[in-house]
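[1] Sequence first, predicted coordinates after that:
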Amino acid sequence: MDSFGLQTRRLKGHKALITGATRGIGFAIAEEYARHGADLVLTASSMNALPDVSNILRRYGVGVSIFAANLESDEDIARLFSYAVSVEPELDILVNNAGIHVGKPFTEHSMEDFDRVMRINVSSVFRLSQLAVCHMIQLGRGKIVNISSVAGLKGSINSSAYNTSKHAMIGLTKCIALETAKNNITVNAVCPGIVETDIIRNIEKKVVGTGMSAEEFWTSVEAQNPMGRMLQPSEIANIAVFLASSESDGMTGQTIII
C-alpha cells in the first residue's frame, strides 16, 4: 500500500508480452510491470541480454519467460506469440515497443533501409496485434500499448523512414481501437519526446562525426523539450502501467504525448 492507502501492485494477475524488452524504454516498462505484479513474457532480437534481464525482474516475485525473435520474420512473430500464450494462457497485455531508427537524408535512404524500418516498426506491430486481438477476444479482455513517438506527429530532418513508421503506428492504433472497443480491449499509443536511450546515443555518435561537439549536440537536444532536459525511460513506463491497468478502461484509440 502507498501513502494514500492505494494498492500499488496495480497489475497483479495480469500477463504481459513486451517486445524490445532488454534495454531503454522496453526494460523500464518490463521492470515497472514486474514491480506492479504482472507476469511477463519478454522478447528481443537475440538471447544475449534476456537471461540477465529475466533474473533481475524475477526478484519482484513475478513469472518471467523469455524468447528471442526476429520481428522482421512473420514466422518468428508467429512462434513468439504461440510461445507467449503457451506459457501464459491468460496473456492480456501486449506492449509493442521494439523499433529501429535509420538516420539519413531522404535522398540517401535506400528501399532496403525503408523496408527494414517499416517491417520492424509497423509490420511486426500489425501482426502481433492481430494475433493478440484474436486471443484477447476469446479471453474477454485485453490491453495493447503501442510505443510510438512525437516523430509520428511531425516531420524531422534525416528521419523520413522512422517518422513515417511512427505516423503509421498511430494510425494503426486508432483503427484497431475502433474495431475492438466492444470486445473489452483497449488500444492506445504513447508518443514520447526525446528519451535518453541507445537510439539518441547512436544519433550523437553520427552527429559528432560531422563536426558538432557532444556538448553542442546535447544542448540542442535538450532545448527541444520545454523542461530543458531529456525524458527518462521510467517516465514512459509510468504511463504504460496506467494504460495496462483498469484505471484506463474507459479510454481507447488515444495518442498520449509525453
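    Sure, I can see it. Residues are numbered from 1 along each chain as shown.
[2] Buried residues in the helix or strand K166 falls within, which are they?
    Element membership of K166 [criterion: DSSP states H and E] is helix 160-180. For helix 160-180, the neighbour count (16 or more other C-beta atoms under 10 Å) marks 160-170, 172-173, 176-177, 180 as buried. In short, each C-beta sits where N, CA and C put it, glycine included.
[3] residues contacting G103?
    Applying C-beta atoms under 8 Å, 6 or more residues apart in numbering to G103 gives the contacts N158, S159, Y162, I203, K206.
[4] Can you check what pLDDT the model gives G209?
    In this prediction, G209 carries a pLDDT score of 72.
[5] any idea how far it lies from V221?
    In this structure, G209 and V221 are 16 Å apart, going by C-beta to C-beta, to the nearest Å.
[6] Which one's more surrounded, these two?
    Summary of the neighbour comparison: G209 and V221, criterion other C-beta atoms under 10 Å, with V221 having more neighbours (18 against 8).
[7] Scan the contacts of G103 and report the most crowded one.
    Looking at the contacts of G103 with neighbours defined as other C-beta under 10 Å, the largest count falls to Y162 at 26 neighbours.
[8] And for it, nearest residue in space, chain neighbours not counted?
    The spatial neighbour of Y162 that comes closest, neighbours along the chain excluded (C-beta to C-beta, 6 or more residues apart in numbering), is H101 at 4.8 Å.
[9] what's the answer for M169, then?
    S148 (4.5 Å).
[10] ok now do that neighbour, which residues does it touch?
    The contact partners of S148, by C-beta under 8 Å, 6+ apart, come to K166, M169, I170, T173, A189, V190, C191, T255.
[11] and stretch 27-35, average pLDDT?
    The predicted model gives stretch 27-35 an average pLDDT of 98.
[12] Just give me how far it sits from the chain centre.
    For stretch 27-35, the distance from its own C-alpha centre to the chain's C-alpha centre is 12 Å (C-alpha atoms, centre = their mean, to the nearest Å).
[13] could I have that stretch exported to CSV, CA atoms only?
    Taking only C-alpha atoms (Å, rounded to 0.1, in the frame of the first residue of the first chain), the coordinates of stretch 27-35 have been written out as CSV:
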residue,chain,number,x,y,z
PHE,A,27,13.3,-2.7,-20.0
ALA,A,28,11.8,0.2,-18.0
ILE,A,29,8.3,-0.9,-18.8
ALA,A,30,9.1,-4.5,-18.0
GLU,A,31,10.6,-3.5,-14.6
GLU,A,32,7.6,-1.3,-13.8
TYR,A,33,5.2,-4.0,-14.8
ALA,A,34,7.0,-6.5,-12.6
ARG,A,35,7.0,-4.0,-9.7
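[14] Could I get the buried residue list for it?
    Within stretch 27-35, the residues that count as buried by 16+ other C-beta under 10 Å are F27, A28, I29, A30, E31, E32, Y33, A34, R35.
[15] Quick check: buried residues in stretch 217-237?
    Residues F217, V221, M230, L231, P233, I236, A237 are the ones in stretch 217-237 that count as buried (16+ other C-beta under 10 Å).
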